[in-house]
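In: next input, structure requested:
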Amino acid sequence: MKRFVINTYMLFLTVALWGCGGSSDSQEPTPAGITISVSPESVALPAAGGSATVTVTTTGKEWGAYADESFISVSTQNSTSSTGTLTVKAEANPGKEARTATVTVMSGAARKTISVVQGVKLQLTTDQVYSMGRGETLQVGVITSSTSWTATTDASWIKAARSADAAANTHGQVLDITTQPNTSLTSRTAKVTVTDGTETAEVVVRQESGEQTEIKAPEGYKLVWNDEFDKGTTLGSDWTHEVKDWKWVNNELQYYRNGEADGRRVTELVDGKLNIHCFKGSDGRIYSGRVYAKANEGWKYGYIEARIMLPKGKGTWPAFWMMPVNFRSWPADGEIDIMEEVGANANYVSSSLHANAHVHSNNTQVTHEMYCEGAEDEFHVYAIRWTHENITTYVDGKVQLSYDNRGLGRDDWPYDDPFYVILNLAWGGDWGGYRGIDESALPATMKIDYVRVFQK
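Out: Have a look, this model is predicted:
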């Protein structure tokens with residue numbers, strides 16, 4: 001049986017060769033044992049794109065070539081002679097990994113392959129990082145075909161070097177950026193440059209301002225209560241979290257929760273500051289924080305200030321304000337808004353007073369707005385000086401609003417009772433969403449360096 005199969009195959013092959021070859025007078029016989037040599041046998045192309053030339057020599061009469069990947073193009077020169085060249089070309093590699101291909105040279109039945117590797121363009125996983133004011137080490141991924149890259153910085157308060165953390169380098173190359181503590185009360189910016197010998201990439205480092213540790217009491221006042229947010233990771237017992245669902249007030253869209261929601265903190269102490277986070281949970285809800293200081297006691301009169309950096313984004317509505325301890329009805333019992341801002345009108349901060357005689361619902365509220373440059377990029381001090389005779393609010397020491405007790409009774413002046421401090425970050429609502437909301441701004445964070453209460 002085996003002999004029959006072999007003989008049948010030979011007969012078929014003979015017939016096939018006769019049918020394809022024609023007569024010996026019309027075509028020369030195909031040369032046997034063709035060999036092909038190429039130089040070089042492997043090609044490395046730059047990430048930015050480029051080409052390489054390969055010399056081809058064959059014992060055959062002619063030759064051709066093709067690539068197995070679409071990012072490679074191949075052109076041949078003198079392919080009808082035994083010696084010629086081919087050009088291997090690639091456009092820039094847009095990816096984050098090196099890519100490979102094979103070019104195959106053909107001459108008769110002979111084949112010879114050329115391996116092609118194109119490197120990846122030097123890239124960093126981010127072009128900007130944000131550092132805490134107290135200093136920290138940040139890590140940035142480095143994407144490059146080179147293992148000999150270096151990093152330099154243009155500022156003495158930053159150190160930049162290849163990470164020595166083996167775990168960090170398990171899945172790639174990692175750059176460590178270490179910032180020193182910022183003792184200034186303004187943020188600072190520097191640049192780190194990475195080079196692999198042929199290309200460079202940059203990352204901008206912005207460091208938050210330092211803490212305002214010096215406590216200065218206004219003349220005639222003394223400090224009676226403060227929170228510098230520099231102990232622990234969560235708020236202390238002087239604070240109470242509000243817990244309410246969306247549209248509780250002002251048609252706001254956030255859900256206020258007690259410290260944590262959806263596995264994330266809505267409030268936390270970081271870098272000596274209180275962070276109030278507003279974010280979208282895995283259930284599609286927007287969560288945020290609203291906290292009260294000494295809600296059962298409050299303070300009657302005084303100078304109260306907070307150093308705050310506001311969040312960015314259309315839909316944010318941060319506030320530093322006060323409500324009466326013995327609240328019965330609004331606006332009869334009063335409301336004092338020391339500072340409010342909406343992200344749709346960035347860096348414009350306002351102060352307002354609400355009472356029966358002046359309330360926003362009938363456009364009679366006492367209010368004033370001013371532009372505060374960098375309110376969303378730097379910390380600014382918002383304050384109130386509150387006496388029986390007058391309420392004045394300030395932005396960095398400049399008067400924002402001033403309102404006198406005109407002796408018209410409680411409808412006009414319900415501000416002789418204890419009030420407590422409120423800090424919150426709302427989302428959307430009647431004012432926060434008056435120009436719509438942009439969820440791409442989330443997560444957003446309101447940062448408070450301190451709250452201080454002074455009294456005579």
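
In: alpha carbons of the longest strand along the chain, as PDB, please.
Out: Across the chain, the longest stretch assigned as strand under DSSP state E is strand 444-455. C-alpha atoms of strand 444-455 as PDB (Å, rounded to 0.1, in the frame of the first residue of the first chain):
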ATOM      1  CA  ALA A 444     -12.700  67.500  42.900                       C
ATOM      2  CA  THR A 445     -11.200  68.500  46.300                       C
ATOM      3  CA  MET A 446     -11.600  71.500  48.600                       C
ATOM      4  CA  LYS A 447      -8.600  71.900  50.800                       C
ATOM      5  CA  ILE A 448      -8.600  73.700  54.200                       C
ATOM      6  CA  ASP A 449      -5.300  74.500  55.900                       C
ATOM      7  CA  TYR A 450      -6.900  75.600  59.200                       C
ATOM      8  CA  VAL A 451      -9.900  77.100  60.900                       C
ATOM      9  CA  ARG A 452      -9.300  79.600  63.800                       C
ATOM     10  CA  VAL A 453     -11.700  81.300  66.100                       C
ATOM     11  CA  PHE A 454     -10.700  84.400  68.000                       C
ATOM     12  CA  GLN A 455     -12.800  86.300  70.600                       C
END
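
In: tell me which other helices or strands that strand touches.
Out: strand 222-227, strand 273-280, strand 302-309, strand 316-324, strand 419-427 (3 or more Cβ pairs under 8 Å, 6 or more residues apart in numbering; DSSP states H and E). The C-beta positions use only the backbone N, C-alpha and C, and glycine is treated the same way.

In: make it 7 Å
Out: If contacts are counted by 3 or more Cβ pairs under 7 Å, 6 or more residues apart in numbering; DSSP states H and E, strand 444-455 sits against strand 222-227, strand 273-280, strand 302-309, strand 419-427.

In: could you dump these to JSON lines with distance to Gly64?
Out: Supplementary listing: these in JSON lines, determined by distance: least, Cβ to Cβ, whole Å:
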{"stretch": "strand 222-227", "distance to Gly64": "78"}
{"stretch": "strand 273-280", "distance to Gly64": "57"}
{"stretch": "strand 302-309", "distance to Gly64": "66"}
{"stretch": "strand 419-427", "distance to Gly64": "64"}
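
In: in stretch 444-456, what's buried?
Out: Neighbour counts over stretch 444-456 (16 or more other Cβ atoms under 10 Å) mark Ala444, Thr445, Met446, Lys447, Ile448, Asp449, Tyr450, Val451, Arg452, Val453, Phe454, Gln455 as buried.

In: now stretch 64-82
Out: Result for stretch 64-82 [16+ other Cβ under 10 Å]: buried residues Ala65, Ala67, Phe71, Ile72, Val74, Thr76, Ser79, Ser82.

In: from memory Met370 sits against Val395, does it?
Out: Yes: between Met370 and Val395 there is a contact at 6.2 Å, judged by Cβ atoms under 7 Å.

In: got the angle for the longest strand of the chain vs strand 222-227?
Out: 160 degrees (axes from the mean of the first three to the mean of the last three Cα atoms, to 10 degrees).

In: strand 444-455: partners in the sheet, and parallel or antiparallel?
Out: strand 222-227 (antiparallel), strand 273-280 (antiparallel), strand 302-309 (antiparallel) (DSSP bridges).

In: export those to a markdown table and tack on mean pLDDT and distance to Ser237?
Out: Putting those into a markdown table (pLDDT from 0 to 100; distance: least, Cβ to Cβ, whole Å) gives the following:
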| stretch | mean pLDDT | distance to Ser237 |
| --- | --- | --- |
| strand 222-227 | 98 | 11 |
| strand 273-280 | 98 | 15 |
| strand 302-309 | 98 | 19 |
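
In: among these, which is nearest Ser145?
Out: Of all those, strand 273-280 sits nearest to Ser145, with 37.3 Å by Cβ to Cβ.

In: which SSE is immediately downstream of that closest one?
Out: strand 286-288 (DSSP states H and E).

In: for the protein, name the helix or strand with the lowest mean pLDDT.
Out: helix 2-21 (a mean of 33; mean pLDDT, DSSP states H and E).

In: who touches the closest residue to Gln128 other than its chain neighbours in this structure?
Out: Using Cβ to Cβ, 6 or more residues apart in numbering and skipping residues adjacent in sequence, the residue nearest Gln128 is Val204, 4.5 Å away. Val204 is in contact with Asp127, Gln128, Thr189, Lys191, counting by Cβ atoms under 7 Å, 6 or more residues apart in numbering.
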